[in-house]
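Participant: Mind looking at a prediction? Sequence and model below.
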Amino acid sequence: MPPPHPPTFPATSAAHQQQLPQLSSSRRRPRVNSHSDPDTSDNTIRTAVTTNLGKRPRGEYTFSPPAQLPTPHLQQQLPFQTTMSAKVQGKRPAEVIDLTRSSSPGRPINTSFGGPRPGGGISGLQPHLRPRKLVIKNLRPTTSTQKAGADEYYSRTRADLDNALAAIFAGRPTGQPMERLYRGVEDLCRNGEAEDLYNRLRARCDQWLNSDDGIGQLRREVTAKSSSTHYSNEMEVTAAVMQVYQRWNARMLTVRKVYSYLDRSYLLLQSTMVGKEDREKARQGVNDMGITLFRKAVFGARNATVALPLGEVVLRGMIALVMQDRDQEQDQMVGGMDKGQLLKESVTMLKVFGVYGKLFEPWFLETSHGYFEEFAEQQSESCGLRDYIKRIDGLLKSEEHRCDLYGFDSTTKRQLLQDAHRVLIERYSEKLLDSGSVAKLLEANDVPSMKALYQLLRLSGLQKKLKQPWDSYIKTTGSAIVSDTTRGDEMVIRLLELRRSLSIMIRDAFDQDEVYGYGLRESFSFFMNSKKNTSAWDTGTSKVGEMIAKYIDMLLRGGLKTLPKSLLSDNKDKANAERTGLASTGDEDSELDTQLGHALELFKFIEGKDVFEAFYKKDLGRRLLMGRSASQDAERSMISKLKGECGANFTHNLEQMFKDQELSKDEMANYKAWLAGTGKVITGGVDLTVNILAAAAWPTYNDVKITLPKEVLEQTTSFDAYYQAKHTGRRLTWKHNLAHCVIRARFDRGPKELLLSAQQGSVLMLFNDVADDTPLSYSQISQATSLTGNELDRTLQSLACGKSRVLTKAPKGRDVNPTDTFTVNRAFTDPKFRVKINQIQLKETKEENKETHERVARDRQFETQAAIVRIMKSRKTMGHAQLVAEVINQTKKRGSVDPGEIKANIEKLIEKDYIEREEGNYVYLA
């Protein structure tokens, strides 16, 4: 506690003035005990007042010579004491020292501090030995003159502080140096006037705050109009209060500097001594006092649940600022302040006052709830799903940005957004999840809108409900593609484009959500195997499997140039391939392998894999025999993919086809070695190559009757004799319609090598037996080559009417008639030396296609019967339902079989005595 009297300079004697310089100059800082001696009475410490009242009093102590206190017992302990640490010495009992003698009895003078000093025993103070208490006696009493001078000083200090406060609140200079004002506050506090000083400061602050310069006039105006429910100038009142608050903070900052000593001594002690229940009545710090006074003047008490009229208008103004910010009004100024800055500073002010959570937040959330309801109702009635998603997403982002920009609490932001999600999303989930509206977005491939929709639904945990319209769209769109009989050739490309767009949607809009990937696979499997869709083609088996096989054939023959750009990999696909360690899709081979993988994904969905196998084997044989494959590596890669998907049994025949070609090369090498060994000479200059194919592994091909040129016929006869002699019991069936040849031809502009089919070569070789420019008629060519009908027409049309016309037709035209004649076009030219003349391909007829499907259906029946026999052989006895279920389970990979067909096959097996009926069950017969 501060002393009861002001500390002043003492009027010391000359003897004392001479003794003060004799204090020892120890290098160690002495330990000083600031407490007075408990054994000494209160009147042993006195202060003297100087006569110079124009200066601030300074405190100093006087020393009087006490009685001598003998301490002879310390003389023997001196060597030990001089070596003791300060910590140990501090624990020893204190000793009273007579400062008037040179040393205590029994204690020698420490010459390390300069030895004895003339004039007394101040040199006897040796703080390095142990702590001691200083007893000051015989001080001069305070005179009445000194008392009056001190009172005058304090009165003048009070007046100076009052004038300084008036100047501060008026915005003028204080007239006194800030340091003098600070010292004045300190002196008044030390004089015991801290309580009075605080009360006077609080009264002056409250007086200015309620004056017209503060909020007095503004509060009276608002209170006078409090009977109305809405104040017309709410934002202007908020701006006016904010301006007063800013001036108040500036004034209080200066006041805090002046009253800093009061703040850090008396008020700090008072605030720590008061409990939480008396916090409002406690002596607050200057800053807290300023906050409390302004809050009470504007909003009321801290624990109030309803604001004062002025505070209510301020809150209304803040709500109005938020609403104008939502409406994006152009006018950004109010009361000379920027609206955004005003709102931000107002939120900060409410947080400082501690009324943000009690007064502003509930009101703000309630108003926002009404705004959200009105907004959702208007938008749902006036716009479609795309625009509704866009506006709702924009509103949520703007609300989140507004909370961050203007400093709203995180709890306010969380409650606001949760309420917005409930009103805007959950209540209107039927509109957001409407199957027709979602289908339009998916059909338009609107990734941004679907991403916004997914994000909106995920905010409320409804994203999984989007799977139902997602699946519905896929099934509807896929069924329309599969059942479209007018665009069958485009079926697979359209399916791949659909799957590609949906995969991009999952990747870019749904954040790779596996729920939608599963829905995609499930929906594709549904519509690709739907009997309703299959029945539209009237094939009895899977039409999708056939078209997938034809698509892969097109891809392996023509490469990437046959694909639309929409199916090619984009930059994100390439980046994902490189990141996952797969080959980069930048080169053509890798991209071709990727596209084959996409086709295989469709293949996985179909159940009628036997249809795919039949058509794929047919197309593969044609590519291998005619050399039309774009890449052997791609062919083998596709076989490997199919083997991994369906097993080795599925690809056994396909692999055998490649093995037959390798064995044929070895057989031809042996044949040529045999020719060389026998010395047999084959005339005609024909280099024959024969592919020997196993009939069980290769597809069946129709025979086309053709008469080969005699040079080729001689070679084939020779090879047939060699093969029959080597392989007894085997028979060769020649398929000349699958053969191709290279013929060297001489034209007027130079020789050429022509790549032709066997039919084309046979026709051109006829012109070697006639004179130059001698025409051959249609009938002559037909008789010489044994080609008739469409086969002859296609052959002649490719030679005389195609891009490379090595024959000239008379009369000219694109169609071939039986009356036409043909001659060699000796003027034929081409920039390439080797010219490939494509045979005009005859499209597969409906009869041929139907025959293939029927053959698959027959094979499926045999496979069903074989499955029944295997099951019965292992089970011996089974009921009808269990047997049908087991047969379906074992045959579903090859193709779905109706229970009626299974029953018919059971009857056939009963007729063949494989199984029999016995008491309602089937029994296997060994």
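Facilitator: Received the coordinates, thanks. Numbers count the residues shown, from 1 in each chain.

Participant: pretty sure Met554 is touching Lys561, no?
Facilitator: No. With contact defined as C-beta atoms under 8 Å, Met554 does not reach Lys561; the gap is 10.5 Å. The way it works is simple: take the backbone N, C-alpha and C, and place the C-beta from them, glycine included.

Participant: These two: who's more crowded?
Facilitator: Set side by side, Met554 and Lys561 show more neighbours around Met554, with 16 against 7, by other C-beta atoms under 10 Å.

Participant: And that one, what's its pLDDT?
Facilitator: With respect to pLDDT, Met554 scores 90.

Participant: secondary structure class for it?
Facilitator: When classified by DSSP: H, G, I helix; E, B strand; the rest coil, Met554 comes out as helix.

Participant: and Val742, that's in a strand?
Facilitator: Yes. Assessed with three-state DSSP, Val742 lies in a strand.

Participant: Next up, the contacts around it.
Facilitator: By C-beta atoms under 8 Å, 6 or more residues apart in numbering, the contact list for Val742 reads Glu753, Leu754, Leu755, Leu756, Arg834.

Participant: Is it bridged to anything, and to what?
Facilitator: Counting by DSSP bridges, Val742 forms beta bridges with Leu755.

Participant: gap between Ile552 and Met878?
Facilitator: To Met878, Ile552 is 39 Å away according to C-beta to C-beta, to the nearest Å.

Participant: Which one of the two is surrounded by more residues?
Facilitator: Remark: of Ile552 and Met878, Ile552 carries more neighbours, 25 against 20, as counted by other C-beta under 10 Å.

Participant: Kindly tell me how buried Gln783 is, as a neighbour count.
Facilitator: Neighbour tally, Gln783, other C-beta under 10 Å: 12.

Participant: For it, identify the helix or strand it belongs to.
Facilitator: helix 778-785 (DSSP states H and E).

Participant: okay, that helix in CSV with CA atoms only?
Facilitator: Extracted C-alpha coordinates of helix 778-785, given in CSV (Å, rounded to 0.1, in the frame of the first residue of the first chain):
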residue,chain,number,x,y,z
TYR,A,778,-18.3,-60.9,-119.3
SER,A,779,-19.3,-64.4,-120.3
GLN,A,780,-15.8,-65.4,-121.4
ILE,A,781,-14.3,-64.3,-118.1
SER,A,782,-17.1,-66.2,-116.2
GLN,A,783,-16.5,-69.4,-118.2
ALA,A,784,-12.7,-69.2,-117.8
THR,A,785,-12.6,-68.5,-114.0
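
Participant: So what does Arg391 look like in phi/psi?
Facilitator: Phi and psi for Arg391, reported as degrees, to the nearest 10, are phi -70, psi -40.

Participant: quick one: Phe364 is in a helix?
Facilitator: Yes. The assignment for Phe364 is a helix, going by three-state DSSP.

Participant: Show the contacting residues for it.
Facilitator: Phe364 neighbours (C-beta under 8 Å, 6+ apart): Met318, Ile319, Val322, Thr412, Leu416.

Participant: What values do phi and psi take at the residue nearest to the spatial centre of the chain?
Facilitator: In the chain, the C-alpha nearest the mean C-alpha coordinate belongs to Asp511, at 6.9 Å (C-alpha atoms, centre = their mean). Main-chain dihedrals, Asp511, degrees, to the nearest 10: phi 50, psi 40.

Participant: Just list the residues touching it, thanks.
Facilitator: Shown in contact with Asp511 (C-beta under 8 Å, 6+ apart): Tyr454.

Participant: and if we set it to 10 Å?
Facilitator: Applying C-beta atoms under 10 Å, 6 or more residues apart in numbering to Asp511 gives the contacts Lys451, Tyr454, Gln455, Arg458, Gln463.

Participant: quick one: low-confidence parts of the stretch 51-200 of the chain?
Facilitator: 51-132, 136, 139-142 (pLDDT under 70).

Participant: related to what we said a few turns ago, what subset of the contacts of Phe364 is buried?
Facilitator: For the contacts of Phe364, a burial check counting by 16 or more other C-beta atoms under 10 Å picks out Met318, Ile319, Val322, Thr412, Leu416.

Participant: which element is the nearest residue to the second one once chain neighbours are set aside on?
Facilitator: In space, and not counting its chain neighbours, Ile319 is closest to Thr367: 5.3 Å by C-beta to C-beta, 6 or more residues apart in numbering. Counting by DSSP H and E, the element that carries Thr367 is helix 361-382.

Participant: pLDDT (mean, whole number) over stretch 242-256?
Facilitator: 93.

Participant: Show me what Lys133 bridges to in the sheet.
Facilitator: Per DSSP bridges, the residues bridged to Lys133 are Val96.

Participant: Dump stretch 288-306 to PDB, keeping only the CA atoms.
Facilitator: Extracted in PDB, the C-alpha atoms of stretch 288-306 (Å, rounded to 0.1, in the frame of the first residue of the first chain):
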ATOM      1  CA  ASP A 288     -12.900  -2.100 -19.400                       C
ATOM      2  CA  MET A 289     -14.600   0.800 -17.800                       C
ATOM      3  CA  GLY A 290     -14.800   2.600 -21.200                       C
ATOM      4  CA  ILE A 291     -16.200  -0.500 -22.900                       C
ATOM      5  CA  THR A 292     -18.800  -1.000 -20.100                       C
ATOM      6  CA  LEU A 293     -19.900   2.700 -20.200                       C
ATOM      7  CA  PHE A 294     -20.400   2.700 -24.000                       C
ATOM      8  CA  ARG A 295     -22.200  -0.700 -23.900                       C
ATOM      9  CA  LYS A 296     -24.600   0.400 -21.200                       C
ATOM     10  CA  ALA A 297     -25.300   3.700 -23.000                       C
ATOM     11  CA  VAL A 298     -26.100   1.900 -26.300                       C
ATOM     12  CA  PHE A 299     -27.200  -1.700 -25.600                       C
ATOM     13  CA  GLY A 300     -27.800  -1.900 -21.800                       C
ATOM     14  CA  ALA A 301     -26.300  -4.300 -19.300                       C
ATOM     15  CA  ARG A 302     -24.100  -7.100 -20.300                       C
ATOM     16  CA  ASN A 303     -26.500  -9.900 -19.400                       C
ATOM     17  CA  ALA A 304     -29.500  -8.100 -21.000                       C
ATOM     18  CA  THR A 305     -31.500 -10.100 -23.500                       C
ATOM     19  CA  VAL A 306     -33.200  -7.100 -25.100                       C
END
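
Participant: Fine by me, we can end here.
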